[in-house]
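A.B. asks: quick one, what's the 3D model for this:
(4 chains)
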Protein chains: 2
Amino acid sequence: MKNINIKELALELNLSVSTISKALNDSYEISEETKRRVLETAARLNYVPNPYASSLRGRKSKNIGVVIPEVADSFFSLAINGIESVAKEKGYHVLICLTHESFENERTILKEFQGGRVDGVLLSVSRETTQCNHINDLIANGLPLVFFDRACDAVETAKITTDDFESGYKATAHLIAQSCNQIAFLSISNYLSISNKRLEGYLQALNDHKIEVNPKHIIQCTNDAEQNYLLIKKLLQQKNRPNGIVASVEKLTTPIYIACEALKLKVPQDIKVICFSNLETAAILNPSLTTITQPAFEMGKVAATLLFKALENRNFSLIKEDFMIPSTLVVRRSTG
Amino acid sequence: MKNINIKELALELNLSVSTISKALNDSYEISEETKRRVLETAARLNYVPNPYASSLRGRKSKNIGVVIPEVADSFFSLAINGIESVAKEKGYHVLICLTHESFENERTILKEFQGGRVDGVLLSVSRETTQCNHINDLIANGLPLVFFDRACDAVETAKITTDDFESGYKATAHLIAQSCNQIAFLSISNYLSISNKRLEGYLQALNDHKIEVNPKHIIQCTNDAEQNYLLIKKLLQQKNRPNGIVASVEKLTTPIYIACEALKLKVPQDIKVICFSNLETAAILNPSLTTITQPAFEMGKVAATLLFKALENRNFSLIKEDFMIPSTLVVRRSTG
DNA sequence: TTTATTTACGAAACCGTTTTCGCAATTAAT
DNA sequence: ATTAATTGCGAAAACGGTTTCGTAAATAAA
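C.D. replies: Take a look at the predicted model:
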């Protein structure tokens, strides 16, 4: 029951290998009658083409690479769905590669892509990524690449982002409107543009409302859940404890809630919380969580669509093809 | 800056193509000096091998396929991490394919695998999968396949599962111990073994405690969130409304909570809820959710390890290589 | 009727590796 | 000094498709 190949099909039908191939690809050179026979026999013998042979000869893989930090994250898993929906339509496969927020992993993955494994790349950089030679190398190599969510300014290609600055601003302004005056900001990386833009929005909002910035209220979280918990706890035990928190990333939600509970701080009475998050469970948390919700599916879809434009039209330039899709503030009880 | 290939490397070094290939693969036939030169030049010219050429020639892809219903699900995203951790160690890549719970998609994906795209498969079947010819075909084709979580009894190969019957029993017994006497069971599929085993555990627990089974309290959910919400709401509006719910799958959590809220049913006072779930946010829900938590990462890891055993040792049989890794009941306030 | 064109197919090269086999040159054994 | 074994490398055949080019037969145009 080994898989059959074109040569065996040719033998079976008393036709040449090239005729079979052309028939399978619906070439105009082949008569309808022969096509019918070939298709019928291929189906009967359960022929499945070897994708690597086609890729090798055709110098295209019909794969796109999606490089993301984590898959256990609502934003990324929803984005994958968006990406996949358009890839499927185009007859492409999606190769999901995880960096686990490690720069070294990211570089290794992109380097491998140079070998031709994928025809194009969608990338959301790791929290450690500070320089972009590995990305520029890949692009110089001829691979179209589109950033989504986490981009690198130093790379000239399309970037699908959300309005991070405005969202940071909106989140902070919302807390201020709810009469918070000591607002903490939880970042995940000094390097990540999204993190920095959200931070800038936060700073601008404080400034616009004449609230002094307290550097001790701006903390860098890590990639370790336990450590983040301790950092947050420490933050909430400062003498000038914050009465509002803007968390720039979803995975900080649980440690924040747990820390508040441990310290007997009532949300939202003692402290109000808003997170950048796509958690489906935001609405049923205790208390329900006010979020900045990103258009994850949409961003994946737009990024993929743009990438395919570049794949289908080699002289379509991805430079200056940026899209910014706004996030939405969903007010719930954690800031009530 | 196009990617270089072995032929160009050979030209550069005045060596033959075969020598380069052997040097890169650290063959004993090549002198240390030559190897050094080849490696150095390969690095300098940024050579990256074409994986498709190797795959074609070697008749192995160094890929494993992971076929799952969804990626936006804690269990599966954690399982992916487990799988990936061992694949990486073995130098393999993971091709994640989503069925979106569609049998047709599942069949198409497995069929494609016959072409040689992957060397082995980890599968968690869709909720629609009732017959397994497509799976048996693939195995007959020589591809090792290991089930994880959602298996098919009709296929003779390794299955990594959790103690679904016992978990269903434990969950139900826990509700009974908390004095529920009208317990509903939310299933996602009549076909899925996990769903059925959990249901059997539920039935057994009811029986052991002399509680009559109410068929109206056993409902089949769908793949549509909105529809599930309506089904649950209807369930909770029956005259003999349940005072306990066992949900056999994570994604039902939100609709259950929302429905209870809409109907002004207090959890756990009016109704107690327990879900099969790996949600990180279970602890901070309102109220915190009692769960049956599956060893997702571990299951992925064990499944992958077993698959690699079969890949590395062609006469290792996967038949009768089943593993059952127990889930744990985590009691929280939703059943308090 | 002769020439031109179209139709339908086959032979062979090619994609980039790996691997088998052959063969010199060197080293070891007799 | 002769034979045997070893070392280090190259030529060429795969792997399974696609594509270019050539060509015989059938059809159309002259």
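
A.B. asks: against residue A:268, how distant is the residue in chain A positioned nearest to chain B?
C.D. replies: Here the residue of chain A nearest chain B is residue A:286; by C-beta to the nearest C-beta that distance is 3.3 Å. (C-beta placed from N, C-alpha, C; glycine too.) Computed with C-beta to C-beta, to the nearest Å, the distance linking residue A:286 and residue A:268 is 11 Å.

A.B. asks: touching, residue A:30 and residue A:19? I think so.
C.D. replies: Yes. Here residue A:30 reaches residue A:19: they are 6.4 Å apart, a contact under C-beta atoms under 8 Å.

A.B. asks: who's in contact with residue A:172?
C.D. replies: Contacts for residue A:172 were tallied using C-beta atoms under 8 Å, 6 or more residues apart in numbering or on different chains; they are A:183, A:185, A:201-202, A:205-206, A:246.

A.B. asks: look up how far residue A:272 lies from it.
C.D. replies: Using C-beta to C-beta, we find residue A:172 at a distance of 11 Å from residue A:272.

A.B. asks: ditto for residue A:235
C.D. replies: Distance from residue A:235 to residue A:272, counting by C-beta to C-beta: 14 Å.

A.B. asks: of the two, who's got more company?
C.D. replies: Under the neighbour definition other C-beta atoms under 10 Å in any protein chain shown, residue A:235 and residue A:272 were set side by side, and residue A:272 has more, 24 against 20.

A.B. asks: beta partners of that one?
C.D. replies: The partner list for residue A:272 in beta bridges (DSSP bridges) reads residue A:244.

A.B. asks: tell me where chain A has strands.
C.D. replies: A:63-68, A:93-98, A:120-123, A:145-148, A:159-162, A:183-187, A:218-220, A:244-247, A:272-276, A:290-293, A:323-325, A:328-330 (DSSP state E).

A.B. asks: all helices for the stretch 51-200 of chain A, in order.
C.D. replies: In the stretch 51-200 of chain A, the helices defined using DSSP state H, counting those that start in this stretch lie at A:51-58, A:74-89, A:103-112, A:133-140, A:164-177, A:193-208.

A.B. asks: would you turn those into JSON lines with mean pLDDT and distance to DNA strand D?
C.D. replies: As requested, the helices of the stretch 51-200 of chain A are arranged in JSON lines below (pLDDT from 0 to 100; distance: least, C-beta to the nearest atom of the strand, whole Å):
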{"stretch": "helix A:51-58", "mean pLDDT": "97", "distance to DNA strand D": "3"}
{"stretch": "helix A:74-89", "mean pLDDT": "97", "distance to DNA strand D": "19"}
{"stretch": "helix A:103-112", "mean pLDDT": "98", "distance to DNA strand D": "20"}
{"stretch": "helix A:133-140", "mean pLDDT": "97", "distance to DNA strand D": "24"}
{"stretch": "helix A:164-177", "mean pLDDT": "98", "distance to DNA strand D": "43"}
{"stretch": "helix A:193-208", "mean pLDDT": "97", "distance to DNA strand D": "40"}
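
A.B. asks: of all those, which one is nearest residue B:190?
C.D. replies: Proximity of the helices of the stretch 51-200 of chain A to residue B:190 was assessed by C-beta to C-beta; the nearest stretch is helix A:74-89, lying at 25.9 Å.

A.B. asks: distance from the chain centre to the closest one, please.
C.D. replies: Computed by C-alpha atoms, centre = their mean, to the nearest Å, the chain-centroid distance of helix A:74-89 equals 9 Å.

A.B. asks: same question for stretch A:319-327.
C.D. replies: Relative to the mean C-alpha coordinate of its chain, stretch A:319-327 is positioned 14 Å out (C-alpha atoms, centre = their mean).

A.B. asks: one more: stretch A:63-80?
C.D. replies: 5 Å.

A.B. asks: in that stretch, what counts as buried?
C.D. replies: Burial within stretch A:63-80, assessed by neighbour count using 16 or more other C-beta atoms under 10 Å in any protein chain shown, is assigned to A:63-80.

A.B. asks: filter those residues by proximity to chain B?
C.D. replies: Restricting the buried residues of stretch A:63-80 to those adjacent to chain B (criterion: C-beta under 8 Å from any C-beta of the partner chain) gives A:71-74, A:77-78, A:80.

A.B. asks: closest to residue A:296 among the residues you listed?
C.D. replies: Among these, and counting by C-beta to C-beta, the member closest to residue A:296 is residue A:78, at 3.6 Å.

A.B. asks: isn't that closest one up against residue A:296?
C.D. replies: Yes. Here residue A:78 reaches residue A:296: they are 3.6 Å apart, a contact under C-beta under 8 Å.

A.B. asks: most neighbours among the contacts of residue A:172, which one?
C.D. replies: Each of those was scored by neighbour count (other C-beta under 10 Å); the top score is that of residue A:246, with 31 neighbours.

A.B. asks: with adjacent residues omitted, what lies nearest to residue A:217?
C.D. replies: Spatially, and ignoring its direct neighbours in sequence, residue A:217 is nearest to residue A:184 (4.2 Å; C-beta to C-beta, 6 or more residues apart in numbering or on different chains).

A.B. asks: among the buried residues of stretch A:63-80, which are within reach of DNA strand C?
C.D. replies: Intersecting these with the surroundings of DNA strand C, defined as C-beta under 7 Å from any atom of the strand, gives nothing.

A.B. asks: just the terminal-to-terminal distance for stretch A:315-335.
C.D. replies: Counting by C-alpha to C-alpha, to the nearest Å, the length from the leading to the trailing residue of stretch A:315-335 is 49 Å.

A.B. asks: quick one: it to chain centroid distance?
C.D. replies: 12 Å.

A.B. asks: could I get the buried residue list for that stretch?
C.D. replies: Applying a neighbour-count criterion of 16+ other C-beta under 10 Å, the buried positions in stretch A:315-335 are A:318, A:323, A:325, A:327, A:329, A:332-335.

A.B. asks: farthest pair within these?
C.D. replies: Taking C-beta to C-beta, the two most distant members of the buried residues of stretch A:315-335 are A:318 and A:333; they sit 42.4 Å apart.

A.B. asks: could you dump stretch A:205-214 to CSV, C-alpha only?
C.D. replies: This file holds the C-alpha atoms of stretch A:205-214, laid out as CSV (Å, rounded to 0.1, in the frame of the first residue of the first chain):
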residue,chain,number,x,y,z
ALA,A,205,-2.2,60.7,28.9
LEU,A,206,-0.6,61.3,32.3
ASN,A,207,1.0,64.5,31.0
ASP,A,208,-2.2,65.8,29.4
HIS,A,209,-4.0,65.3,32.7
LYS,A,210,-1.2,66.9,34.7
ILE,A,211,-0.4,63.7,36.5
GLU,A,212,3.2,63.3,37.5
VAL,A,213,5.0,60.2,36.2
ASN,A,214,6.3,57.9,38.9
